[in-house]
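S.K.: next input, structure requested:
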Amino acid sequence: MSGQWGEGPARGEDAPGAPTTGGAKDSGAVPPQRSGGRAEARRAGQGKGGRGSGGGGGGGGKAEAGGGRAAARKGAKPKKNMKKIVAWSTAGVLVGLAGVGGAIYLKLNANIKSFDGDAIARNRPPEAQADADGNKPVNVLLIGSDSRGKNNSDLGGGEDGGARSDTTILLHVYADHKHAVGISIPRNAMVQMPSCKLPNGKWTKGGNTDLFNAAFSMGGSDDGNPACTQNTVEKVTGIRVDHTLVVDFNGFASMTKAVGGVDICLPKPIYEGDINPKLPKKGDMVLPQGKQTVEGQQALDYVRLRHGIGDGSDIGRMMRQQAFLSSLATKIKKEGMNPTTLLPLADAATKSLTVDPGLDSADKLLSFGLSLKNIDMHNLKFVTAPWRYRTQDKNIDLVEADANKLWETLKADQTIDGQNATGQQPDAPAGGTGAAPAQPAPPTTPPAPAGDAANAAIRVAVYNGTLANGLAGKATELLKGAKFTASTAGQAMSTKYKTTTIEYGSGQKANAEKVAELFPGASLESSGSRGISVIVGQDYAATAGPASGAPAGGAPATPGVQTPPQPLPTTITNDARSADDDICANTSYGSGG
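M.R.: I've put the predicted structure just below:
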């Protein structure tokens, strides 16, 4: 995956250009793909010339004669030392393949550029902790750079210097590596800026409020300032970013070609005047209405498109970018997440890729790409950080209360629809009745061995069956204190448990009775699932004391106890996009256009 780009600074548009000539008119025919974008349109409009259509002749070669008596005589000769010939030929092929592989590796390594790791803030959110199985979530910052350097201006990057992060997505890959969610952060959201390192080595003071995409522009470099954007995301979300990847126009265009194009869908045709609203007329059609496959310039036009659809806002553009990434991920998934598929994509991407020092080699990038192969497209979600329009200008404020719930959900490694994806996943329910268990099945627990270490072999999943925040975390700490291997699994399916309930699967009754000793008055129930789960009830809330984050009394959070996240508002969950959704759905926002 990669970032993709917007259409210019949040406070303004790109410089005006002139309409291109040729292409389809309003008849609805699909125009030929434009080769130069807005910069070439400007040159053509100013009489500087564009790319002409050249002609060329080709000649055929003479067919090489073969056969004859000489060939017949050679064919009649017996083959000598055939085994040696085959052996040496095979060895030569293997050496050649190894050489090619090494050349590819060196080529990819040479392509990759990393930013200064010393520019990453020292005061950062804590790293995510691995669960008992060693599973750990990964947070990846994807930045689409609107850089004006190199050849990007020919693809529509404008002619002024510097770079902007016109699209930023925080991708949270859950610890189970079967779920992921991408959070789009509006480029014109007003945020508090952290201290950032400038190209001259000095650090800014920070603390001022500015547009989010100003972080990437910090210092005015054509390469942008990805470390500053990373620092800003960590400050806004409280989530530690493990890796950052920046892709510019050239890299994005090359990637779309490497995969053979990406399927998109538009609710209406798009014209040159929509791509560049400063053109004096509508211009030629750039993208037709409906489903189509785009690559290169046309793909850029789609992901950068803001006008002509909906209310012309960045919100609609982010929705289309999410649809585009969904379609791209689906195509890569169908073709197989293997080196054969990933190498051409990696070659295209790395030519215009800037990464953090932790991804600065081909093997690290390919390893990370292959680690995503088990994510089902339905479990790859995209949402936009909760936002609202500001009354004083056309910019955006993040809705802090709702956004904090989203960040806490990610920190707890829970999906936006409430699933536990910590990686310590439950086994399938036993039995063939088809009935769902009362709770998500806990991890499988082997029968406890004899001896003092018996408790450590008993794994317990803890659920909160009440509305008191932090209760499951408190019970988890209690179990860990007794040397049980316990993990907080989150909220139970019901919050009306009056009595703590301990559910156990086949062969686990003795282990469940040992767990019950810590919860006086708890009821034991056999279940169709394997393993042991504790659903703490109101009786435990009454005896355990104030829970961390409990609403009553305002008790401070208990160190080391994870507070289950509050349910996400419907403004987030209802607008979430799955990667397998219809590509024609939810590609615009607002009315008009």
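S.K.: for E525, helix, strand, or coil?
M.R.: Under DSSP: H, G, I helix; E, B strand; the rest coil, E525 falls in the strand class.
S.K.: how far away is W407 from V181?
M.R.: 12 Å (Cβ to Cβ, to the nearest Å). No exception for glycine: its C-beta is placed from N, CA and C like everyone else's.
S.K.: so which of the two has more stuff around it?
M.R.: Each of W407 and V181 has its neighbours counted (other Cβ atoms under 10 Å); V181 has more, 23 against 19.
S.K.: what's near enough to touch G537?
M.R.: The contact partners of G537, by Cβ atoms under 8 Å, 6 or more residues apart in numbering, come to G465, T466, Y497, K498, T499, T500, T501.
S.K.: which of these sit farthest apart?
M.R.: Using Cβ to Cβ, the pair of these lying farthest apart is T466 and T501, separated by 11.8 Å.
S.K.: what's the pLDDT at the residue positioned nearest the centre of the chain?
M.R.: Nearest to the mean C-alpha position of the chain, counting by Cα atoms, centre = their mean, stands L171 at 3.4 Å. With respect to pLDDT, L171 scores 97.
S.K.: neighbours of the residue nearest to S371 when sequence neighbours are not counted, how many?
M.R.: By the measure of Cβ to Cβ, 6 or more residues apart in numbering, the closest residue to S371 outside its immediate chain neighbours is H177, 6.0 Å from it. Here the count is done by other Cβ under 10 Å, and H177 has 18 residues near it.
S.K.: who are the contact partners of H177?
M.R.: N135, S371, L372, N374, I375, G423.
S.K.: what about those, which are in strands?
M.R.: Members of these lying in strands (criterion: DSSP state E): none.
S.K.: just the element for the residue nearest to S371, please.
M.R.: Under the criterion of DSSP states H and E, H177 resides outside all helices and strands.
S.K.: and the contacts of G537 as TSV, adding distance to M255, neighbour count and pLDDT?
M.R.: Output for the contacts of G537, formatted as TSV (distance: Cβ to Cβ, whole Å; neighbours: other Cβ atoms under 10 Å; pLDDT from 0 to 100):
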residue	distance to M255	neighbour count	pLDDT
G465	48	26	84
T466	49	24	84
Y497	50	20	88
K498	56	11	88
T499	56	15	91
T500	53	25	94
T501	51	23	94
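S.K.: identify, from those residues, the entry nearest to S165.
M.R.: Closest to S165, out of all of the contacts of G537 and judged by Cβ to Cβ, is T466, at 42.8 Å.
S.K.: so which strand or helix has that closest one?
M.R.: Going by DSSP H and E, T466 is not in any helix or strand.
S.K.: surely it and I535 touch.
M.R.: No - here T466 does not reach I535: they are 9.3 Å apart, not a contact under Cβ atoms under 8 Å.
S.K.: and I143, bridged to which residues?
M.R.: T168, V246 (DSSP bridges).
S.K.: got the contact list for it?
M.R.: G3, S165, T167, T168, F216, G224, P226, T229, T244, L245, V246, V247.
S.K.: closest one of those to C584?
M.R.: T167 (21.2 Å).
S.K.: the closest one touches R320, doesn't it?
M.R.: No - contact criterion Cβ under 8 Å: T167 and R320 do not qualify, at 10.7 Å.
S.K.: what is the subsequent helix or strand relative to the one helix or strand V462 maps to?
M.R.: Assessed by DSSP H and E, V462 sits inside strand 459-464. Later in the chain than strand 459-464, the nearest helix or strand by DSSP H and E is helix 471-481.
S.K.: need the contact list for M318.
M.R.: When contacts are taken as Cβ under 8 Å, 6+ apart, M318 is in contact with T167, S184, P186, T384.
S.K.: secondary structure class for it?
M.R.: Under three-state DSSP, M318 comes out as helix.
S.K.: and the pLDDT at it?
M.R.: Looking at M318, its pLDDT stands at 93.
S.K.: one more: the one 5 residues further on?
M.R.: Per-residue confidence for A323 comes out at a pLDDT of 95.
S.K.: surely it touches D263?
M.R.: No - in this structure, A323 is not within contact of D263 by Cβ under 8 Å, at 9.7 Å.
S.K.: which neighbours do the two have in common?
M.R.: I583.
S.K.: between those two, which one's more packed in?
M.R.: A323 (26 against 16).
S.K.: so the more buried one lies in a helix, does it not?
M.R.: Yes - checked against three-state DSSP, A323 lies within a helix.
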